[in-house]
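> For reference, the sequence and a predicted model appear below.
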Amino acid sequence: MSYDQWGPQDLSAPVGTVLPEVPAAQGLVLEDVQSGWVGAVVRIEKSGGMHIVVLEDRRGRTKSYQLGFGFLVDGRPVQLVAPRTSKTVTAQRTASGSVKVAGMRAQVARASRIWVEGKHDAELVEKVWGDDLRVEGIVVEPLHGVDDLAGLVRDFSPGPGRRLGILVDHLVPNSKETRIAAEAMRTPGARNNVLIVGHPYVDVWQAIRPQVLGIGAWPQVPRTVEWKVGILQAFGWPHQGPADIAIGWRRLLGSVRSYADLEPALLGRVEEVIDFLTVPVS
């Protein structure tokens with residue numbers, strides 16, 4: 001391919017094809033033909049009389065390119081032009097801090113999955129990382145307990161192109177959860193195709209930073225009291241049954257606006273799982 005005469009020489013575009021002009025709108029996902037770099041537009045700037053587009057990939061790395069030919073959008077060659085309405089583009093961000101992809105439809109779900117330990121875990125992951133996961137085509141499924149995790153992994157039949165990322169509560173040394181995770185990793189196909197990570201908290205509720213709730217620390221709950229009931233009781237909220245627990249969780253979840261409202265011990269583990277499922281195996 002000749003980069004200077006990119007359109008006519010590119011095998012994906014017939015000779016004589018006039019490539020569509022696409023404005024470099026914020027969040028537009030582009031692939032650079034020469035390098036294969038894929039990123040979203042974060043800004044447009046002028047340098048030496050030329051328009052430069054800055055692309056950022058999902059890991060936060062950036063590269064700059066001159067506007068014009070040499071880009072793919074959804075696999076199709078285009079001519080990238082400056083937006084007519086503004087000389088500078090400021091990228092919008094998702095709740096996870098990633099670049100928000102403009103006009104991007106949810107991708108067809110991959111065979112790979114993220115498993116989390118319960119409904120509340122799934123709702124928290126969806127609220128913060130939902131936009132990213134839809135772009136990647138990754139589905140989050142609640143487990144409702146991990147006591148038979150090895151059997152669930154075996155039934156899933158993991159393998160290349162069918163991978164599992166599993167987020168477990170209270171995954172600390174010598175815990176029951178650590179022993180369950182070790183057993184699950186011994187199932188056929190798990191090696192290189194299953195990643196089990198965890199956070200140190202008794203429940204995913206504790207992954208919300210207490211300062212977001214206006215408290216200095218999460219209350220201490222006696223072992224004789226069911227943990228969520230004890231938390232609601234300490235807050236002075238209704239705590240008599242499942243309905244009260246559900247209402248309490250909605251109040252807690254409503255306090256979360258972005259990744260900045262969560263503890264790093266959860267943030268790092270979720271990002272690790274997403275990378276495991278989306279970064280190609282070398």
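Looks like it arrived, so ask away.
> Which residue is the nearest non-sequential neighbour of Gly189?
Once flanking residues are discounted, Gly189 sits nearest to Pro158: 4.5 Å by Cβ to Cβ, 6 or more residues apart in numbering. Every residue, glycine included, has its C-beta placed from N, CA and C.
> any idea how far Val33 is from Leu19?
Distance of Val33 to Leu19, computed by Cβ to Cβ, to the nearest Å: 12 Å.
> Which of the three states applies to the nearest residue to Glu183 once chain neighbours are set aside?
Of all residues not flanking Glu183 in the chain, Ala150 sits nearest, at 4.7 Å (Cβ to Cβ, 6+ apart). Under the three-state scheme (DSSP: H, G, I helix; E, B strand; the rest coil), the conformation of Ala150 reads as helix.
> which residues does Ala150 contact?
Contacts for Ala150 (Cβ atoms under 8 Å, 6 or more residues apart in numbering) come out as 180, 183-184, 186-187.
> Which helix runs longest in the chain?
With residue count as the measure and DSSP state H as the assignment, the chain has helix 119-136 as its longest helix.
> Buried residues, that helix. List them.
Residues of helix 119-136 classed as buried under the neighbour-count rule (16 or more other Cβ atoms under 10 Å) are 120-136.
> So what's the gap between it and the chain middle?
In terms of Cα atoms, centre = their mean, to the nearest Å, the gap separating the centre of helix 119-136 from the centre of its chain is 7 Å.
> Wait, Gly216 touches Pro210, no?
Yes: the pair Gly216 and Pro210 qualifies as a contact (Cβ atoms under 8 Å) at a distance of 6.3 Å.
> Buried ones only from the contacts of Ala150, please, as a ChimeraX command.
Here the buried members of these are turned into a ChimeraX selection, burial being counted by 16+ other Cβ under 10 Å:
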select :180,184,187
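> Including pLDDT, could the contacts of Ala150 go into TSV?
As requested, the contacts of Ala150 are arranged in TSV below (pLDDT from 0 to 100):
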residue	pLDDT
Ile180	95
Glu183	96
Ala184	96
Arg186	96
Thr187	95
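> Now render the contacts of Ala150 as JSON lines, adding secondary structure and distance to Lys46.
Below are the contacts of Ala150 laid out as JSON lines (DSSP: H, G, I helix; E, B strand; the rest coil; distance: Cβ to Cβ, whole Å):
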{"residue": "Ile180", "secondary structure": "helix", "distance to Lys46": "57"}
{"residue": "Glu183", "secondary structure": "helix", "distance to Lys46": "59"}
{"residue": "Ala184", "secondary structure": "helix", "distance to Lys46": "54"}
{"residue": "Arg186", "secondary structure": "coil", "distance to Lys46": "58"}
{"residue": "Thr187", "secondary structure": "coil", "distance to Lys46": "56"}
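> Reformat the contacts of Ala150 as JSON lines; add distance to Val78.
Formatted as JSON lines, the entries for those read as follows, by distance: Cβ to Cβ, whole Å:
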{"residue": "Ile180", "distance to Val78": "49"}
{"residue": "Glu183", "distance to Val78": "50"}
{"residue": "Ala184", "distance to Val78": "45"}
{"residue": "Arg186", "distance to Val78": "49"}
{"residue": "Thr187", "distance to Val78": "45"}
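> Report the secondary structure state of Gly60.
coil.
> Could I get the pLDDT score of it?
The per-residue pLDDT reported for Gly60 equals 76.
> Next, find the distance separating it from His144.
Here the distance between Gly60 and His144 works out to 34 Å (Cβ to Cβ).
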